[in-house]
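S.K.: coordinates only, sequence not included:
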């Protein structure tokens, strides 16, 4: 495909898959670890913030079913670009610590993750047809390892740099992924078969 190949391009795609694997869970599983500090900042009870842990699940239920339709309509290039942008905006909104911005930001993050859950199997199949099992394992392992890693490092980072610093870390992840995808994303052409966009590789074959 027309994403920038060579060592830099291959490394970038690997990093992108790892970052996406991380984003599939850590924005959801890390926030509960700082609910006490967040409640103090918002001057509310910790129990009242339970909605922030429930919202992503609601977003999964609402948006997972439409993800395939969006992918078919827009293709991988725009779908992934838009999803990473949604995750970044949601993460940035959570840096503004008010109840409305936390709710909206968490909702956007849940929506973005719902899309990624659907996109990733097709993404791996389209971009790594010779290594589907390997790259599926990479993002699945990244997802599980990320949860374990952030469960370990969140408390020390909060002690060292403050709890808000973890929100910054969670915002950096989609920012890096978005930058990498903007650099590597392939040229796309309108697909007459599905109404979306297909990606042309150097051998002339196409992937929607």
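M.R.: Structure's in. What do you need? Since we're looking at a predicted model, the values are computed, not measured.
S.K.: what residue is smack in the middle of this structure?
M.R.: residue 23 (4.2 Å; Cα atoms, centre = their mean).
S.K.: Now name the helix or strand holding residue 156.
M.R.: Per DSSP states H and E, residue 156 falls inside helix 132-161.
S.K.: for that helix, what is the average pLDDT?
M.R.: Averaging pLDDT along helix 132-161 yields 94.
S.K.: Could you measure from the residue nearest to the centre of the chain over to residue 178?
M.R.: Using Cβ to Cβ, to the nearest Å, one obtains 11 Å as the distance from residue 23 to residue 178. All C-beta spots, glycine's among them, are computed from the backbone N, C-alpha and C.
S.K.: quick one: contacts for residue 173?
M.R.: 19, 22-23, 26-27, 91 (Cβ atoms under 8 Å, 6 or more residues apart in numbering).
S.K.: Remind me what the lengthiest helix in the chain packs against, helices and strands.
M.R.: Longest helix of the chain, by residue count under DSSP state H: helix 50-93. Packing partners of helix 50-93 (3 or more Cβ pairs under 8 Å, 6 or more residues apart in numbering; DSSP states H and E): helix 26-29, helix 99-127, helix 164-184, strand 188-190, strand 197-200.
S.K.: which one of these lies closest to residue 75?
M.R.: Residue 75 lies closest, by Cβ to Cβ, to one member of those: strand 197-200, at 3.0 Å.
S.K.: re the thing from before, please indicate which of the contacts of residue 173 are buried?
M.R.: Taking 16 or more other Cβ atoms under 10 Å as the criterion, what is buried in the contacts of residue 173 is 19, 22-23, 26-27, 91.
S.K.: chain center to stretch 160-168, what's the gap?
M.R.: Computed by Cα atoms, centre = their mean, to the nearest Å, the chain-centroid distance of stretch 160-168 equals 20 Å.
S.K.: Kindly list the main-chain dihedrals of residue 25?
M.R.: phi -140, psi -40 (degrees, to the nearest 10).
S.K.: from here on, count from 41
M.R.: With the count now opening at 41, the last piece we talked about shows up as residue 65.
S.K.: what helix or strand is residue 136 on?
M.R.: Applying DSSP H and E, one finds residue 136 in no helix or strand.
S.K.: still on that earlier bit, got the contact list for the residue nearest to the centre of the chain?
M.R.: 127, 152-153, 156, 213-214, 217.
S.K.: how about 6 Å then?
M.R.: Taking Cβ atoms under 6 Å, 6 or more residues apart in numbering as the criterion, residue 63 is in contact with residue 213.
S.K.: Then residue 107?
M.R.: By Cβ under 6 Å, 6+ apart, the contact list for residue 107 reads 155, 158.
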